[in-house]
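Visitor: for reference, the sequence and a predicted model appear below.
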Amino acid sequence: MTLLLIIFFLAAVLIINLPPKAFFKKIAFWLALFLLLLQLVFVFLPRSLWTGLNTLCSSNNFSMVQDSLSMVMLLSIAIVGLVALLVAKAHIKSENKLFNFVCLLLLCCIGMNGMVVVTDLFTLYLFLEIVAAAVYIMIVFEKNQNAYEGAFKYFILSAIATTLMLAGVGLTLSTVGALSFTALQIYFANTAQISAGATIGVLLFMAGLFIKSGLVPFHGWLPDAYQAAPNPVSILLAGIVTKSSGVYALVRLGMLGVLVPESLKTLLLAFGAATILIGALAALWQKDFKRMLAYSSISQVGYIVLSLGAGTLLGYAGAIFHMFNHAILKSLLFVNSAAVESRTGTRDMDAMGGFAAKMPWTGATSVIGALSISGIPPFSGFWSKLVIVIALWKAGLHYYAAFAILASLLTLSYMLYMQRKVFFGKLIEGYDDLREAGFLYILPSVILALITIGLGIGFPFIVGTMLMPVAIFNW
Amino acid sequence: MTFFVLILSALLLVALATALVADLLVAAIWLALLSVLTTIAMFYLNSPLAAVFELSICAGLITVIFISTISLTRLTSNQEKKTAARTRLKKYIWLPMVMLVIGIALYLTLDINLTLPLLTPETDVRKVIWNLRQFDLLGMLIILLVGVFGVVVLFKEKFNNER
């Protein structure tokens, strides 16, 4: 069934590029909206849809995983894709440009959907390249100097990541003998037979994923790319692209039992902790709204990697939950930033103040997003950070658990600094006529805020029924 | 073995030339030469089908796409080209040396026993590509589609404006 999420999107891209172009340009947005909504429906009703197409989907040649982790990722892709699409409709005025954005978004979704359902390390790498290629083009969409610089940095670092990952794939194939997830799981289950070649292969693949995830010290491309990209692209990048192209693969490798050598776990813990700290400290010094959020993203990805380093079921559950939360929360905050920029024309936080009085929806949802990402109860961000801390504590990593708690104070600091600068206080001069950016900005903000509130309040109900089973590899 | 070492050395030099030349068109031609050398290496490693793919797709199709894209860009002046080439050479000349040292150090210190999985005769390789790795083929086609779409989005409008 998941194959249809690739086939349908691909067919849509091909069809809307056929004549009559004028007609398809008009319906491209609605078609993308329909497909992303369809993906949402599919996630919640995976067995009830498209029963007539079973023959196509049961083909053995397209080996696909359809476990709970894939479903969480498909859900995140659909939500963030929808948000980016709605903001794009408001942000991009030219019909031609909107059409191009829709095509690139669909291609990017094909790559991401493919990545999270494949069952082979090489195929995963291939779909990751689709995402990367679509993202280079999306970053330079506005064709300005900063965008070219951001995309070029991303391109160069991605090329390095690609080299490392391919070398890793090659070494793994040479030592393990196959690249399918099943073969890797069987090989790494027997710790006595793990050879140096296999460990180095995984290490190289991981290094590539670290670059793609923007972990410190490989984060150089991320703030530039997020800042320079058009607002809908920033939402997509921060919300889901880095998660699906880097972090997802790390989580998957962890759940396959590939990250069992102690050296790899130590590496994850060290890189995770360094990323949390440096990302948060850098975020504190930023004056640009989007750049601050970009550094915040780096810091939050550190939490996910730290949780993986625990190497336990609870650690994986924490990583997956925080990954989903971060997709929701960072999309929300980037929508808020896009709304403010669309009305004021600036991202300089020093030139802002008291906007909540004029933009109540944006201000209120931004407070919810900021509190949730800082780990304040009862929002969902609190629970995912709590699960991470408990996982680290139970794994005997007490110092790392204490560090995670202390570091979330840093998150709270830069988020409150942002709120004080942009939304709280007295309205600064010259913005008396300021008003909400429009329905297409408010709607996604409200939905995302409701998701974080709902997940937070409903956490006791989902922890046993949904969260823990996700972390069990059951495909 | 000596032949293979020669091929690998030539690969390194051609890769360096590809990265260092300032003219995009010349870089594309160097890259095609890189693919040809890779093809020879693959033949030497008893992978004729992979070699044919490398030659037809990388040296052929991809070069055509590169050259079509380059034809949509603006030519740089000779002076600009020379300056860029000189700066790059100064900046990156240490890179192959470092790679070589790391490679030799790894080769000498690590005892990695690399054995590629045994491939059955050529007919089976075809079966692998067309039957067992369909997902990869689909992925590769989509990457090509994204590439072509990228060229259209980034260059077509500018090209039309300049005309």
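Guide: Yes, it's here.
Visitor: only C-alpha atoms from now on, for both contacts and neighbour counts.
Guide: Fine.
Visitor: please identify the buried residues of the top helix by length along chain B?
Guide: Longest helix in chain B by number of residues, with DSSP state H as the criterion: helix B:24-44. Buried residues in helix B:24-44, counted by 16 or more other CA atoms under 10 Å in any protein chain shown: B:24-25, B:27-42.
Visitor: quick check: the residue of the stretch 101-250 of chain A nearest chain B.
Guide: When scored by CA to the nearest CA, the stretch 101-250 of chain A has A:Ser174 as its residue closest to chain B, at 4.8 Å.
Visitor: sorry, back to before: alpha carbons of the longest helix of chain B, as PDB, please.
Guide: Extracted C-alpha coordinates of helix B:24-44, given in PDB (Å, rounded to 0.1, in the frame of the first residue of the first chain):
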ATOM      1  CA  LEU B  24      32.300  24.200 -16.500                       C
ATOM      2  CA  LEU B  25      32.300  22.700 -20.000                       C
ATOM      3  CA  VAL B  26      35.900  21.400 -19.500                       C
ATOM      4  CA  ALA B  27      34.900  20.100 -16.100                       C
ATOM      5  CA  ALA B  28      32.000  18.100 -17.700                       C
ATOM      6  CA  ILE B  29      34.500  16.600 -20.200                       C
ATOM      7  CA  TRP B  30      36.900  15.700 -17.400                       C
ATOM      8  CA  LEU B  31      34.000  14.100 -15.600                       C
ATOM      9  CA  ALA B  32      33.100  12.000 -18.600                       C
ATOM     10  CA  LEU B  33      36.800  10.900 -18.700                       C
ATOM     11  CA  LEU B  34      36.500   9.900 -15.000                       C
ATOM     12  CA  SER B  35      33.500   7.700 -15.900                       C
ATOM     13  CA  VAL B  36      35.500   6.100 -18.700                       C
ATOM     14  CA  LEU B  37      38.300   5.300 -16.300                       C
ATOM     15  CA  THR B  38      35.700   3.900 -13.800                       C
ATOM     16  CA  THR B  39      34.300   1.800 -16.600                       C
ATOM     17  CA  ILE B  40      37.800   0.300 -17.200                       C
ATOM     18  CA  ALA B  41      38.200  -0.300 -13.500                       C
ATOM     19  CA  MET B  42      34.800  -2.100 -13.400                       C
ATOM     20  CA  PHE B  43      35.800  -4.300 -16.400                       C
ATOM     21  CA  TYR B  44      39.000  -5.200 -14.500                       C
END
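Visitor: anything in the next helix or strand after that helix near chain A?
Guide: Using DSSP states H and E, the next helix or strand after helix B:24-44 towards the C-terminus is helix B:48-53. No. Helix B:48-53 does not reach chain A (CA under 8 Å from any CA of the partner chain); its nearest approach is 14.8 Å.
Visitor: and helix B:48-53, average pLDDT?
Guide: What helix B:48-53 shows for mean pLDDT is 82.
Visitor: following it, which helix or strand comes up?
Guide: Toward the C-terminus, helix B:48-53 is succeeded by helix B:63-70 as the next helix or strand (DSSP H and E).
Visitor: near chain A at all, that following helix?
Guide: No. Interface with chain A: helix B:63-70 contributes nothing (CA under 8 Å from any CA), its closest point being 14.2 Å away.
Visitor: name the helix or strand of chain A that has the lowest mean pLDDT.
Guide: Counting by mean pLDDT, DSSP states H and E, chain A has its least confident helix or strand at helix A:54-57, which shows a mean of 50.
Visitor: and the helix or strand that that helix is followed by, average pLDDT?
Guide: Following helix A:54-57 in sequence order, the next helix or strand is helix A:68-91 (DSSP H and E). Taken as a whole, helix A:68-91 has a mean pLDDT of 91.
Visitor: so A:Pro46, which of the three states?
Guide: Here A:Pro46 is recorded as coil under DSSP: H, G, I helix; E, B strand; the rest coil.
Visitor: quick one: residues contacting the closest residue to chain B within the stretch 301-450 of chain A.
Guide: Nearest to chain B, among the residues of the stretch 301-450 of chain A, is A:Ala338, at 23.4 Å (CA to the nearest CA). Contact analysis of A:Ala338 by CA atoms under 8 Å, 6 or more residues apart in numbering or on different chains lists A:Asn231.
Visitor: within the helices and strands, which one has it?
Guide: Using DSSP H and E, A:Ala338 maps to helix A:313-344.
Visitor: on that earlier part again, check which element follows the helix or strand hosting the residue of the stretch 101-250 of chain A closest to chain B along the chain.
Guide: A:Ser174 belongs to helix A:145-176 when assigned by DSSP H and E. Sequence-wise, the next helix or strand downstream of helix A:145-176 (DSSP H and E) is helix A:181-189.
Visitor: please identify the buried residues of that next one?
Guide: Using 16+ other CA under 10 Å as the burial criterion, the residues of helix A:181-189 that qualify are A:Phe181, A:Leu184, A:Gln185, A:Tyr187, A:Phe188.
Visitor: can you show me the CA trace of that helix as PDB?
Guide: The C-alpha trace of helix A:181-189 is given here as PDB (Å, rounded to 0.1, in the frame of the first residue of the first chain):
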ATOM      1  CA  PHE A 181      17.500  -4.500   6.900                       C
ATOM      2  CA  THR A 182      16.800  -8.100   7.800                       C
ATOM      3  CA  ALA A 183      20.300  -9.200   6.900                       C
ATOM      4  CA  LEU A 184      21.800  -6.300   8.900                       C
ATOM      5  CA  GLN A 185      19.600  -7.200  11.900                       C
ATOM      6  CA  ILE A 186      20.700 -10.800  11.800                       C
ATOM      7  CA  TYR A 187      24.400  -9.900  11.400                       C
ATOM      8  CA  PHE A 188      24.500  -7.400  14.200                       C
ATOM      9  CA  ALA A 189      22.400  -9.600  16.600                       C
END
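Visitor: skip the chain neighbours and tell me the closest residue to A:Gln39.
Guide: Distance criterion CA to CA, 6 or more residues apart in numbering or on different chains; nearest residue to A:Gln39, sequence neighbours excluded, is A:Ala78 at 6.1 Å.
Visitor: give the contact list for the residue nearest the centre of chain A.
Guide: Nearest to the centroid of the C-alpha atoms of chain A, with distances taken as CA atoms, centre = their mean, sits A:Ile240, at 2.6 Å. Counting by CA under 8 Å, 6+ apart, A:Ile240 touches A:Ser76, A:Ile77, A:Val80, A:Ala327.
Visitor: tell me how far the second one lies from A:Leu38.
Guide: Yep, that's A:Ile77 we're talking about. Distance from A:Ile77 to A:Leu38, counting by CA to CA, to the nearest Å: 12 Å.
Visitor: burial count for the closest residue to A:Trp361 other than its chain neighbours?
Guide: Spatial nearest neighbour of A:Trp361, excluding adjacent residues (CA to CA, 6+ apart): A:Ile442 at 6.6 Å. Using other CA atoms under 10 Å in any protein chain shown, A:Ile442 has 21 neighbouring residues.
Visitor: what strand or helix carries A:Ile442?
Guide: Using DSSP H and E, A:Ile442 falls in helix A:439-457.
Visitor: just the C-alpha atoms of that helix, please, in PDB.
Guide: Extracted C-alpha coordinates of helix A:439-457, given in PDB (Å, rounded to 0.1, in the frame of the first residue of the first chain):
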ATOM      1  CA  PHE A 439      -6.200  32.800   7.300                       C
ATOM      2  CA  LEU A 440      -3.500  30.600   5.500                       C
ATOM      3  CA  TYR A 441      -1.000  31.400   8.300                       C
ATOM      4  CA  ILE A 442      -3.500  31.200  11.200                       C
ATOM      5  CA  LEU A 443      -5.100  27.900  10.200                       C
ATOM      6  CA  PRO A 444      -1.800  25.800  10.300                       C
ATOM      7  CA  SER A 445      -0.600  27.600  13.400                       C
ATOM      8  CA  VAL A 446      -3.800  26.800  15.300                       C
ATOM      9  CA  ILE A 447      -3.900  23.100  14.100                       C
ATOM     10  CA  LEU A 448      -0.200  22.600  15.100                       C
ATOM     11  CA  ALA A 449      -0.800  24.200  18.500                       C
ATOM     12  CA  LEU A 450      -3.900  22.000  19.100                       C
ATOM     13  CA  ILE A 451      -1.800  18.900  18.200                       C
ATOM     14  CA  THR A 452       0.800  19.800  20.800                       C
ATOM     15  CA  ILE A 453      -1.800  20.500  23.500                       C
ATOM     16  CA  GLY A 454      -3.800  17.400  22.600                       C
ATOM     17  CA  LEU A 455      -0.700  15.100  22.700                       C
ATOM     18  CA  GLY A 456       0.300  16.700  26.000                       C
ATOM     19  CA  ILE A 457      -3.000  16.200  27.700                       C
END
